[in-house]
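Visitor: when you get a sec, could you give me coordinates for this:
(one chain, ligands or ions: 1)
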Amino acid sequence: MAEKILIIGACGQIGTELTEALAGIYGAANVLATDVRDSGTAPEVPYQKLDVLDEKGVFETIKRFKPDQIYHLAALLSATAEKNPKLGWQLNMDGLFYVLDAALEAGTRKVYWPSSIAAFGPNTPRHATPQYCVMDPNTVYGISKLAGERYAEYYFKRYGLDVRSLRYPGLIGWKSAPGGGTTDYAVAIYYDALQTGVHNCFLREDTELPMLYMPDAIRATLEIMHAPAEQIRIRSSYNLAGMSFDPATITASIAKHIPGFNSTYNPDFRQAIADSWPASIDDSHARNDWGWKPNFHLDAMTADMLLNLRSVKGVGAGA
Ligand code: VAH
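Guide: Predicted structure coming up:
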C-alpha cells in the first residue's frame, strides 16, 4: 500500500518544490497538498485549501486523509513576523500544536517540521555554530522556532511521535519565490542581475549568513525523513549547512557571468535580524548521524540559478 503524504504550506518557497519531489517519489495521487491559498502550484497533485489556524479543519483533514507522513511547512518567516508579531507567534505555534496533536490522534507515522538558524541569537557563537550552544533568538520567528524545537522533542519523548526537523539556513531556488524572510535578497539578486544589472540590497555588503541551495535543502529533507529512526539521535532539530556568503561575495559570483553587474547597499530593519544570526554552521551531527553532505557551493549555485532563470523561466529575456 503506497504511503500517503500530507503537505501543509504546500505553496510556499519550500512547499512548492517539496510537493513536486514527494509526488515524484510517492505518486501524485498519494499526496494531498494544502495551503491557505485557493489553488495549488502542482496541477497533477490533489489540493485542498486549509488554514493551519483552522483547528477543526486541520483535525478533520488529518483524520479523513490518514497520512503516513505529514510535512508541516506553514509559518510566518522572520521579516513578516516582525511586522505582525502576534500572528507570527499564533500561526507558528498554534499551527504546530494542531498538527502534532492531530498526527498523534490519527496515528501518523512521521512528521517533518522545519526549524531555522533563526533559532540562534546574538549570544550564540557566530562562526561554525555548534549543534548545542546558547540560543537566545530575539525575533518572533526565531523564538517560535526554538520553542517549536522543544515541543518536537517533547512529543517524541512523551508520546513517541516520530517528529524530524532541520534548522534550515537561508534557502535559494529558482522554482519558487521566497516568502518574507531576511535572506530573500539572495534570490532577488539573481533576478536583478538578469533584468536590470544592479541589485539594491537591504543588508550591508559584509553580512555573512548561512545559505543552502534548494536542491540540497529538498534532498536533506527527504534524506532525514527516509533515514532509519535509530539514526535520528536529535529530536529537537539538526543543524544543516551548505555555504556561507555575504552580499558582496554573491555579487562577485554573479559578476563572473554578467560583467558589470553590481549591488548597492541600503540596510533596512532586516539588518538587525541578520546581525542576530550566525555567519556559519557546524552540521557535523547531521553528517555523522544520517550521512548529510551538501552538493552545491556558491559558484555552482550561481551558474545553475542563472541558467534556469534564463532558460526555464525566461527571466531577463526582454532586458
Ligand atoms: C528567513 N528564509 O529569512 C528564512 C530563514 C534563515 C532564514 O529561516 O526568515
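Visitor: where does pLDDT dip in the stretch 1-150 of the chain?
Guide: Judged against pLDDT under 70, the stretch 1-150 of the chain has no low-scoring part.
Visitor: which bits of it sit near the ligand?
Guide: 77-78, 116-118, 141 (C-beta under 6 Å from any ligand atom). From N, CA and C alone the C-beta is placed, and that goes for glycine too.
Visitor: among these, which are located in helices?
Guide: Among these, the ones falling in helices (DSSP state H) are 78, 141.
Visitor: now, which of the residues of the stretch 1-150 of the chain next to the ligand sits nearest Ser280?
Guide: Ile117 (9.7 Å; C-beta to C-beta).
Visitor: how near is that closest one to Ala286?
Guide: 13 Å (C-beta to C-beta, to the nearest Å).
Visitor: same check, this time on Asp184
Guide: Counting by C-beta to C-beta, the separation of Asp184 from Ala286 is 24 Å.
Visitor: then Ala241?
Guide: On the measure of C-beta to C-beta, Ala241 and Ala286 end up 8 Å apart.
Visitor: returning to what we had before: more neighbours, Asp184 and Ala286?
Guide: Neighbours were counted for Asp184 and for Ala286 using other C-beta atoms under 10 Å; Ala286 has more, 24 against 21.
Visitor: for that one, which non-adjacent residue is spatially closest?
Guide: Excluding its sequence neighbours, the residue lying closest to Ala286 (C-beta to C-beta, 6 or more residues apart in numbering) is Trp292, at 3.9 Å.
Visitor: before we move on, which element is that neighbour in?
Guide: Using DSSP states H and E, Trp292 is not contained in any helix or strand.
Visitor: spit out the contact partners of His277.
Guide: Small correction: residue 277 is Trp, not His. Residues near Trp277 by C-beta atoms under 8 Å, 6 or more residues apart in numbering: 117-118, 120, 182, 209-210.
Visitor: quick check: the two most widely separated of those residues?
Guide: Within the contacts of Trp277, Phe120 and Thr182 form the most distant pair, 12.9 Å apart (C-beta to C-beta).
Visitor: ok, these two, which is more surrounded?
Guide: Neighbour count, other C-beta under 10 Å: between Phe120 and Thr182, Thr182 has more, with 29 against 26.
Visitor: wait, a helix at that one?
Guide: No. Judged by DSSP: H, G, I helix; E, B strand; the rest coil, Thr182 forms no part of a helix; its state is coil.
Visitor: which residues in this protein form helices?
Guide: Using DSSP H, helices in the chain cover 13-26, 55-65, 78-83, 85-89, 95-106, 140-159, 185-195, 214-226, 247-255, 270-275, 284-290, 298-311.
Visitor: closest one to Val45 among the ones you listed?
Guide: Val45 lies closest, by C-beta to C-beta, to one member of those: helix 13-26, at 5.0 Å.
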